[in-house]
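*Asks:* got a sequence here, can you model it:
(2 chains)
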2 protein chains.
Amino acid sequence: MVNYPNKKDVSKLEKSFHNFANRGMNFEHAVNTSNDYYDEVKRAIITKRPTPIHVVKVDYADNARIKDAYFEKQSTADYNGVYRSRYIDFECKETKSKTSLSFGNISSHQIKHLEKVIFHGGIAFFLIHFATLGEVYLLDAKIVCEFYNKQERKSIPYNFIQEKGVLVEQSFMPRLKYLDAVDKVFFNEAQKVDL
Amino acid sequence: MVNYPNKKDVSKLEKSFHNFANRGMNFEHAVNTSNDYYDEVKRAIITKRPTPIHVVKVDYADNARIKDAYFEKQSTADYNGVYRSRYIDFECKETKSKTSLSFGNISSHQIKHLEKVIFHGGIAFFLIHFATLGEVYLLDAKIVCEFYNKQERKSIPYNFIQEKGVLVEQSFMPRLKYLDAVDKVFFNEAQKVDL
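*Replies:* This next block holds a predicted model:
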């Protein structure tokens, strides 16, 4: 049997929690520390994909230091990994609006990617942070893709997300108990959600 | 039902095949075009993780151009994705040696990552290119991890890889039929491999 290595001290994870008291820009941080926690307690292994960077110039004389480069758009989703033997792929979105999530910051490449994930039997969803309300919802990517492809609206109303999604419980550790929401939506546990 | 979008022309994929006639540095390219092909024929969706880059300085006046940055070591594996509803995670390694694959270019972080993937029920393996021999083998990551953790040797002998791994068939398209090898090793199809 292959050993499961311990990567991080739980005490270190605790420290990072306090930073999250500052809302808004720390949503991603909350997801990352939740992933560290899930890793630590051996519940799942989920990692953030690095932001793709197009490297233009490298100075090899200076220890392969990059001297010119630019950020590229992620053509996939932010996070993926394995949970309960299943493939998981998800995107985090944040809005200050209290009434809707705009499609403005969702790219068609990401929609296509998530459609493919669903086609191949993976679990795909969005974690949506309504920063002003302090609420995070998990919404099945299938619902988002259908909404997006209809193109009748340029945003998803908050009420719709509240009705079709699952509110992610927030706690001390993990900061976002989003895998409990995954259990509900994709493993039909505790609470069957009508999709 | 969510549509499965067509991303690329098969004709474009054909063109890229001819480049692979140059061996060696194009192993990664062969894996990438094989993934494009598998995507196209709706067999799997597997993507390369971007190389993580630590950004030191960004010139926002110049359209957020990166002016100073450096490459970081990948702490996970090169590729991951979803195939037959399962999570797949693998690392590509290449050697000019005819007799062994050195552990020199396998990091302990990668070993730990793959151990975690196995623990959570994912499929993890190495694709090993013996460039001089022109052969590619799929080797279950479990075997590599056990070998690595014993630390009796600093490399895996070619004979061992040949015996315990599966030779990946090469073809016109996909260039590397590595998912057939995955079927054999992880889905017990066509040919049961004794691990």
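*Asks:* from here on, contacts and neighbour counts on C-alpha atoms
*Replies:* Will do.
*Asks:* what's the angle from the longest strand seen in chain A to strand B:86-95?
*Replies:* Across chain A, the longest stretch assigned as strand under DSSP state E is strand A:86-95. Strand A:86-95 runs at 100 degrees relative to strand B:86-95, counting by axes from the mean of the first three to the mean of the last three CA atoms, to 10 degrees.
*Asks:* after strand A:86-95, which helix or strand is next?
*Replies:* Proceeding N to C from strand A:86-95, the next assigned helix or strand is strand A:100-102, under DSSP states H and E.
*Asks:* who's in contact with that next one?
*Replies:* A:94, A:95, A:154, A:155, A:156, A:157, A:158, A:159 (CA atoms under 8 Å, 6 or more residues apart in numbering or on different chains).
*Asks:* so, in contact with chain B or not, the helix or strand that that strand is followed by?
*Replies:* With elements assigned by DSSP H and E, the helix or strand that comes after strand A:100-102 is helix A:108-119. Yes. Judged by CA under 8 Å from any CA of the partner chain, helix A:108-119 comes into contact with chain B at A:112, A:115, A:116, A:117, A:119.
*Asks:* closest one to residue B:103 out of the residues you listed, please.
*Replies:* Using CA to CA, residue A:117 is the member of the residues of helix A:108-119 next to chain B that lies nearest residue B:103, at 33.0 Å.
*Asks:* based on its surroundings, how many neighbours for that closest one?
*Replies:* Using other CA atoms under 10 Å in any protein chain shown, the number of residues around residue A:117 comes to 26.
*Asks:* and it, what does it touch?
*Replies:* Contact partners of residue A:117, counting by CA under 8 Å, 6+ apart, are A:89, A:123, A:124, B:45, B:82.
*Asks:* which other residues reach the longest strand of chain A?
*Replies:* For strand A:86-95, contacts defined as CA under 8 Å, 6+ apart pick out A:24, A:27-28, A:46, A:77-82, A:101-102, A:105, A:114, A:117, A:121-132, B:81-82, B:85-88, B:121-122.
*Asks:* residue A:130 and residue A:138 touch, don't they?
*Replies:* No. Using CA atoms under 8 Å, residue A:130 is not in contact with residue A:138; the gap is 11.4 Å.
*Asks:* near chain B, which residues of chain A show up?
*Replies:* Within chain A, the residues that sit near chain B (CA under 8 Å from any CA) are A:2-5, A:42-45, A:49-53, A:64-71, A:81-88, A:112, A:115-117, A:119-122, A:142, A:145-146.
*Asks:* among these, which lie within strands?
*Replies:* The members of the residues of chain A next to chain B that map onto strands under DSSP E are A:45, A:53, A:65-71, A:81-83, A:86-88.
*Asks:* out of these, which is most surrounded?
*Replies:* Most surrounded of those: other CA under 10 Å gives residue A:82, at 30 neighbours.
*Asks:* who touches residue A:52 in this structure?
*Replies:* A:71, A:72, A:73, A:74, B:50, B:51, B:52.
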